[in-house]
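> Have a look; sequence and predicted model below, questions after that.
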Amino acid sequence: MRALCWNGRNDIRCETVPDPAIEDRRDVILRVTSCAICGSDLHLMDGQMPTMEKGDILGHEFMGEVVEVGSPDHVLKKGDRVVVPFNINCGECRMCRLGNWSCCLKSNRNGEMAAKVQGYPTAGLFGYSHLTGGYSGGQAEYVRVPMADVAPMKVPEGMSDEQALFLTDILPTGWQAIDHCGLQGGETVAIWGAGPVGLFAIKSAVLMKAGRIIAIETVPERIELARIAGATDIINPADESVQDRIREITGGQGADAVVDCVGMEASGHGGVLGVLSKVQEKLTATERPYALEQMVQAVRPCGIISVPGVYSGAVPINMAAIVQKGLTMKTGQTHVKRYLEPLAKLIQDGSIDPTFLISHRSSNLEDGPELYRKFRDKEDKCVKVVFHL
């Protein structure tokens, strides 16, 4: 089969690789009908995530049709059309029983390695390094889905691939980011980054009745999409002080909640930060918490910091400000399974149209390396890439 493979920093190739095979009775083999490039895939492309190996198949946003099952009594059957969360869940461990799906204690095949870094293992992920289990991803014609009797969801009747695909990651990630803010209605929420996750965070804040939604973004097409998603205010940090503008918008009170949809490859703007950012980007340094530092400053005392953005290691953070201001920080990979059914219903009733941010479509994985580059470099107004296979 053909698949998009990692071969080193900035080296993504479409290659012929062996077809996947059933390894366990809980497995299914999926014929991928649609998959996407995620913003966190760019961290892999940029060489920022450890334990990647040459030839690793990428991709954790995918869906498709079941073509083989591991046992006759499997809950999924041949022909079922399913959407697959990016995290793999055993359904048996304490974390799964608590509904903390991204912290599954059994699905990471390299859990001991992860525990040495994190203290405890967390869930295995598709196509996202050997630290998260070394599982092949879904930017491929076929994929093996382990423990497929737990996390995958059958696609509701009448729902298109483009409507369902983002249930795998970015839609529930944006939703959880706002869910972590504990909104009661009427609050001011500031969201750093209007990429795909940021756009869904904006839409989620609208549905959770935020009073004002501030988007911090520099890219024109993303700014326009942020307005479409429901942002009431836009701040371009290349043109003005984020802190000063948030003070103005909030009457000096600060944002009630702030959301980091940028992650480890944030860019600084203006003055010394702009110069330092350019140097660090050339050195491919991952410790660039410019957005996170702005958030700590911009949130009101006793406010909430929500971090769905991906980080690969330690970053310097103003812990003194966090403690003195009494801030609450909520983080984590998304508990996708927790949100699948309620978000599917919001799609079905028209409350959410997930397709509005798709900018590029392809029916050929051979286009993958070039589309990765366009997405990374924000060329050709590239916001979200979807492959229909």
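Done, it's in.
> Now do the closest residue to residue 196 other than its chain neighbours: how many residues are near it, please.
Spatial nearest neighbour of residue 196, chain neighbours left out: residue 170 (4.7 Å); criterion: C-beta to C-beta, 6 or more residues apart in numbering. In this view, the C-beta of every residue, glycine as well, is placed from N, C-alpha and C. Number of residues near residue 170 (other C-beta atoms under 10 Å) recorded here: 29.
> what sits against residue 170?
By C-beta atoms under 8 Å, 6 or more residues apart in numbering, the contact set of residue 170 is 38-39, 61, 196-197, 200.
> From those, pick the one nearest residue 51.
residue 38 (18.1 Å; C-beta to C-beta).
> For residue 134, give its distance to residue 177.
27 Å (C-beta to C-beta, to the nearest Å).
> typed the wrong thing, it's residue 261
For residue 261, the distance to residue 177 equals 7 Å [C-beta to C-beta].
> Mind listing the shared neighbours of the two?
Common neighbours of residue 261 and residue 177 (C-beta under 8 Å, 6+ apart) are 197, 201, 308.
> who touches the last one in this structure?
Residue 308 makes contact with 173-174, 176-177, 197, 201, 259-261, 331-332, 334, according to C-beta under 8 Å, 6+ apart.
> what helix or strand is the closest residue to it other than its chain neighbours on?
Of all residues not flanking residue 308 in the chain, residue 177 sits nearest, at 4.2 Å (C-beta to C-beta, 6+ apart). Taking DSSP states H and E as the criterion, residue 177 maps to helix 170-179.
> State the mean pLDDT of that helix.
Per-region confidence: helix 170-179 scores 98 on mean pLDDT.
> By neighbour count, which bits of that helix are buried? Give me those.
Residues 170-179 are the ones in helix 170-179 that count as buried (16 or more other C-beta atoms under 10 Å).
> contacting residues around the host helix or strand of residue 202?
Taking DSSP H and E as the definition, residue 202 sits inside helix 196-207. Here helix 196-207 makes contact (C-beta under 8 Å, 6+ apart) with 38-39, 166, 170-171, 173-175, 177-179, 181, 183, 189, 191-192, 194, 213, 215, 217, 222, 225-226, 229-231, 259, 261-262, 308-309, 346, 351-352, 354, 356-357, 383-384.
> Out of the residues you listed, which end up buried?
Neighbour-count burial (16+ other C-beta under 10 Å) is assigned, among these, to 38-39, 166, 170-171, 173-175, 177-179, 181, 183, 189, 191-192, 194, 213, 215, 217, 222, 225-226, 229-231, 259, 261-262, 308-309, 346, 352, 354, 357, 383-384.
> now the helix holding residue 177: how far from the chain's centre is it?
Between the centre of helix 170-179 and the centre of its chain there are 9 Å (C-alpha atoms, centre = their mean, to the nearest Å).
> next helix or strand past that helix?
The helix or strand immediately downstream of helix 170-179 is strand 188-192, counting by DSSP H and E.
> Show me which of the contacts of residue 308 is closest to residue 88.
residue 334 (13.1 Å).
> how about the helices in this protein?
Using DSSP state H, the helices of the chain run over 41-45, 94-97, 111-118, 161-164, 170-179, 196-207, 220-229, 242-249, 271-282, 290-298, 319-324, 336-348, 368-377.
> so what pLDDT did residue 265 get?
On the pLDDT scale, residue 265 is placed at 70.
> can I assume it is in contact with residue 44?
No: applying C-beta atoms under 8 Å as the test, residue 265 and residue 44 come out as separate, 11.6 Å apart.
> how about the CA coordinates for stretch 184-195, as PDB?
C-alpha atoms of stretch 184-195 as PDB (Å, rounded to 0.1, in the frame of the first residue of the first chain):
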ATOM      1  CA  GLN A 184     -21.000  29.700  33.000                       C
ATOM      2  CA  GLY A 185     -21.900  32.200  30.300                       C
ATOM      3  CA  GLY A 186     -20.800  35.700  29.600                       C
ATOM      4  CA  GLU A 187     -17.100  35.300  30.200                       C
ATOM      5  CA  THR A 188     -14.200  36.800  28.100                       C
ATOM      6  CA  VAL A 189     -12.100  34.100  26.500                       C
ATOM      7  CA  ALA A 190      -8.800  34.800  24.700                       C
ATOM      8  CA  ILE A 191      -7.500  32.200  22.300                       C
ATOM      9  CA  TRP A 192      -4.000  32.200  21.000                       C
ATOM     10  CA  GLY A 193      -3.800  30.700  17.500                       C
ATOM     11  CA  ALA A 194      -6.600  30.500  14.900                       C
ATOM     12  CA  GLY A 195      -5.400  27.300  13.200                       C
END
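> Report the distance from it to the chain centre.
17 Å.
> All further residue positions should be reported with the first residue as 22.
Okay, using 22 as the starting number, the last item reads as stretch 205-216.
> So the residue nearest to residue 217 versus residue 133, what's the distance?
30 Å.
> Same check on residue 159?
For residue 159 relative to residue 133 (C-beta to C-beta), the value is 26 Å.
> now do residue 331
Distance from residue 331 to residue 133, by C-beta to C-beta: 22 Å.
> quick one, which of the two is more surrounded?
Remark: of residue 331 and residue 133, residue 331 carries more neighbours, 22 against 9, as counted by other C-beta under 10 Å.
> Could you let me know which of the contacts of residue 329 ends up closest to residue 318?
Looking across the contacts of residue 329 and measuring by C-beta to C-beta, the closest to residue 318 is residue 281, at 12.9 Å.
> Excluding covalently adjacent residues, which one is nearest to residue 165?
Using C-beta to C-beta, 6+ apart, the closest residue to residue 165 is residue 41 (3.8 Å).
> how about low-confidence regions in the chain?
For the chain, the stretches flagged by pLDDT under 70 are 285, 287-309.
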